[in-house]
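Visitor: 3D model of this:
(chains A and B)
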2 protein chains.
Amino acid sequence: MTIEGHIDFFFKPDSIALIGASPNPEKLSYTILESLLKMGFQGKIYPINPGYQEIRGLKCYPTPDEIKDKIDIAIFAVPASTVLEILNGPVKNIKGAIIVSSGFREMGYEGKEMEARLKEIIKEKGIRVIGPNCLGIYDTASKVDTFFISGAKVGRPARAGVSVLTQSGSFAAMIMDEMANEGAGVARVVSYGNKVDVDESDCLEFLAGDKATKAVALYIESVGNGRRFLTAASRCVQKKPVVALKVGKREPGARAASSHTGAVSGRYEAYEAAFRKAGIIEVASYEELKDACKVLNRYRPVEGKRILIITDGGGIGISIADACEEAGLKVPEIPSEAVRKLKEKLPAFASARNPVDLTGSVKDEHFIVALQEAFGDSYDLAIVSLLWGPPLLTPGVAVKLLDFADSCGKPILICSPGGKFSRETASLFTAAGIPVFFTPDSAVRAAAVLCGGKR
Amino acid sequence: MTIEGHIDFFFKPDSIALIGASPNPEKLSYTILESLLKMGFQGKIYPINPGYQEIRGLKCYPTPDEIKDKIDIAIFAVPASTVLEILNGPVKNIKGAIIVSSGFREMGYEGKEMEARLKEIIKEKGIRVIGPNCLGIYDTASKVDTFFISGAKVGRPARAGVSVLTQSGSFAAMIMDEMANEGAGVARVVSYGNKVDVDESDCLEFLAGDKATKAVALYIESVGNGRRFLTAASRCVQKKPVVALKVGKREPGARAASSHTGAVSGRYEAYEAAFRKAGIIEVASYEELKDACKVLNRYRPVEGKRILIITDGGGIGISIADACEEAGLKVPEIPSEAVRKLKEKLPAFASARNPVDLTGSVKDEHFIVALQEAFGDSYDLAIVSLLWGPPLLTPGVAVKLLDFADSCGKPILICSPGGKFSRETASLFTAAGIPVFFTPDSAVRAAAVLCGGKR
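Guide: Numbering: from 1, shown residues only, chains lettered A, B, ... in the order given. Below is the predicted model:
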């Protein structure tokens, strides 16, 4: 925050150096190189380690300054004290650093001292820093992946529109893994840990103008400079939706946050007020943030709160309606003219009210008929809940629903509860960029985000 | 409710007749026979259909009374009007019926008339009835499965301790499918639809004394006889935990419930009071009921609300602590004596507070050390959250944790967030009957149930 200038180069690097590179699979740096190579980064990669001539076919350099090239990102995967040593040496060609190493502020008095020294050095040398004590960047646009956790353990989501900013690396890993598992993608993920330099405000400033980013999701333990955050967030909200989860709200969580990244959480109410002022959509839990990310990959927030529910399982329709009311959303009756048409066009067994219950006798086309007749000006958003039990319902319903969703101009959220079959079938939707929610509750959480969250 | 006598025979039948049996895979009855055979029901199965001599190798009878045997369960998979016709004929050997057919009370005036006639007939003939408009019974103890949805579409959970009672068939299917997908089991599931006879009170009376059932989960749209329900539920709660989800709480949900099974939902506040009076643990949503089922398969409720959190991901520990506070649970500090021991035995990087953060440098044994030293008299329940990213953490931690859980006498909930890898690894726990929760939020929902729910 004390260092001037943009941080754009972190998101379009030409060259990456890996300090502490190693051919030993037990080292974090091994996994980082693996991640970078797997991701298909197209720029230059420079392993740095005085002990090797070459690592995985790449020429290895003893020190950064032996590289006759500017280094956009130097990833530091060495112990905290070595980080300081190297930065104290000749590092003129380093523009930005990602310091994944722990052992700084989060580790008591000695660590705090080290971090203070780190801050001085990078200020003096004009190096922008992400971290320390972080995972760094996972970027589907620039093809950068500095995560030291292998893809076999934590899945990497495909490219989509939401960018995620987080202090916590484990949070980044958890949400990426689940998003990948549910067929949802991301744009850029930044885990900045102790935030010795680059913080959420820097990232928000960059993401506001970033074409690859359609929406931003924030995981916040603490914010250092509240005024700067408010300005950066407000500007970003002008351009694209921003959602935030504040953790460490109450005593024990706050206590944990302080030993985690050395953050002082501050009063939750202050955050709440700042979010409201900036126009940030606040979410209450991890699950809500994940649902927000999924839905914002595809849809923009809407003005109203009127939800149309269409389902082939009565009990689920009721659960969705209940959850909507609980979340402050409205489930208004279908206007009588539309009810008349629904009764004409739907079979007798269907219930032409909101929730529309097409029952276990449903056929694919009934879902479309219901949307065509009922999803008029009376509703802002539709939740279509598909149970796959009904014998005449086929996966072909997905193509029909996708066609309708493409042309209708309002959000249609797919809820496909259940296990193996429904999750497989869900890929028909997710492959086309339509998010799928696997419980009534999660579909409603996503709807509430589009309808403005807590407000 | 008007018919006397126990309904035990539904849960230990010697003989099952399938009225409307068919070799045509497009018929619901085909899938029911498939379900029964797959489930491995050991009693006699009698297909009934005047059009066939034999179906799938089983002798087929033209009418029920041609069978020279008592029929414990006659499954009716024929149109509503045919149900009445058959029951009006010679059916002396039928003890109980499961009427899966729809077209009764939920279908307007004519349906209501039909259901009234059905009620008269079964009273006159002394036949106990589950349904109509239901899926019937899925029973891992008696090996009965009358569900007309194939196992390929809706997974069948393995045997475990929780029995599920529900008006809604789609709800039964949804929760079974997800439980199966998450490696969780059930004891008996009863979907009773319109409840012309057998209702939640009958089932609660049976389940109270049922050895296969360790806990009961209720999905309630409406209860007919409130006083009887209160008595039956209170008695059951004396024997085993009962959790309930009331849906159709507010206007739109209530409206949907009425067209769904023809139920009148009644004022939610009355249900809330009844649950409290009976000692039922009320849950607020579908996800909470599912989490309750998973946790009650293995653990009994505890007296206190003091939660110990142990994790290898700081951000997740904070999320869990926040969610605990939100749910009215406590996350008290670890007593200083235990902190001293933890500092001795855990490496320097770990944080010896609650939540205990073992960080990304964790080894398997650290989880056990943390439990041994901290999970003393100061806590009622532990949530152990495993992120699989840390390079030195191995699936071997599961065996160690299972050993500890076996001997410690207090509930240990495993939280294993993430995607493919963590879900696969979760089977190490679920195979041993230990439930696994895949988000911080769901682990805390389960903990809240064990700590008495809303109370």
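Visitor: quick one: low-confidence residue ranges for the stretch 1-150 of chain A.
Guide: Across the stretch 1-150 of chain A, the ranges flagged by pLDDT under 70 are A:1-5.
Visitor: near chain B, which residues of it are found?
Guide: A:26, A:28, A:31, A:102-103, A:107, A:148-149 (Cβ under 8 Å from any Cβ of the partner chain). Any C-beta I mention is one placed from the backbone N, CA and C, and that applies to glycine too.
Visitor: out of all of them, which helix in chain A is the longest?
Guide: Scanning chain A for the longest helix, with DSSP state H as the assignment, gives helix A:108-125.
Visitor: one step back: and the residues of the stretch 1-150 of chain A next to chain B, which of them are buried?
Guide: In those, burial by neighbour count holds for A:28, A:31, A:102-103, A:107, A:148-149, counting by 16 or more other Cβ atoms under 10 Å in any protein chain shown.
Visitor: can you put these in a markdown table and add secondary structure?
Guide: Below are these laid out as a markdown table (DSSP: H, G, I helix; E, B strand; the rest coil):
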| residue | secondary structure |
| --- | --- |
| A:28 | helix |
| A:31 | helix |
| A:102 | coil |
| A:103 | coil |
| A:107 | helix |
| A:148 | coil |
| A:149 | coil |
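Visitor: of all those, which comes closest to chain B?
Guide: residue A:149 (3.8 Å; Cβ to the nearest Cβ).
Visitor: what sits against the closest one?
Guide: A:31, A:135, A:173, B:389 (Cβ atoms under 8 Å, 6 or more residues apart in numbering or on different chains).
Visitor: hmm, back to that, and the longest helix of chain A, what does it pack onto?
Guide: When contacts are defined as 3 or more Cβ pairs under 8 Å, 6 or more residues apart in numbering or on different chains; DSSP states H and E, helix A:108-125 packs onto helix A:80-88, strand A:94-99, strand A:128-130.
Visitor: mean neighbour count added to the ones you listed, as CSV?
Guide: CSV is the format used below for those (neighbours: other Cβ atoms under 10 Å in any protein chain shown):
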stretch, mean neighbour count
helix A:80-88, 18
strand A:94-99, 26
strand A:128-130, 26
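Visitor: of those, which is nearest residue B:376?
Guide: helix A:80-88 (34.1 Å; Cβ to Cβ).
Visitor: tell me the angle the closest one makes with helix A:108-125.
Guide: 20 degrees (axes from the mean of the first three to the mean of the last three Cα atoms, to 10 degrees).
Visitor: contacts for helix A:80-88 next, please.
Guide: Outside helix A:80-88, the residues that reach it (Cβ under 8 Å, 6+ apart) are A:19-20, A:63-64, A:76, A:78, A:97, A:99, A:101-104, A:111, A:114, A:117-118, A:121-122, A:125, A:127, A:132.
Visitor: give me that answer again for 6 Å
Guide: A:76, A:99, A:101, A:103-104, A:114, A:117, A:121 (Cβ atoms under 6 Å, 6 or more residues apart in numbering or on different chains).
Visitor: try stretch A:100-111
Guide: A:76-77, A:80, A:83, A:112, A:114-115, A:132-133, A:136, A:148, A:194, A:261-262.
Visitor: if we use 8 Å, what do you get?
Guide: With contacts defined as Cβ under 8 Å, 6+ apart, stretch A:100-111 is touched by A:28, A:32, A:75-81, A:83, A:112, A:114-115, A:118, A:131-136, A:146, A:148, A:194, A:196, A:259-262, B:348-349, B:359-361.
Visitor: likewise stretch A:273-288?
Guide: Residues outside stretch A:273-288 that contact it (Cβ under 8 Å, 6+ apart) are A:171, A:174-175, A:218, A:223, A:226, A:229-230, A:233-234, A:237, A:241-246, A:272, A:289, A:292, A:301, A:442, A:445, A:448-449, A:452-455, B:319, B:322-323, B:326, B:439-442.
Visitor: which residues does the most centrally placed residue in chain A contact?
Guide: Taking Cα atoms, centre = their mean, the centroid of chain A lies closest to residue A:164, which sits 3.8 Å from it. Residue A:164 sits next to A:172, A:175-176, A:186, A:188-190, A:216-219, A:293 when contact means Cβ under 8 Å, 6+ apart.
Visitor: residue ranges with poor pLDDT in the stretch 151-300 of chain A?
Guide: A:251-266.
Visitor: hey, where'd the helices end up in it?
Guide: Taking DSSP state H, counting those that start in this stretch, the helices of the stretch 151-300 of chain A run over residues A:169-181, A:200-208, A:226-239, A:251-261, A:268-278, A:286-296.
Visitor: so for the shortest one, what gets flagged as buried?
Guide: For helix A:200-208, the neighbour count (16+ other Cβ under 10 Å) marks A:200-208 as buried.
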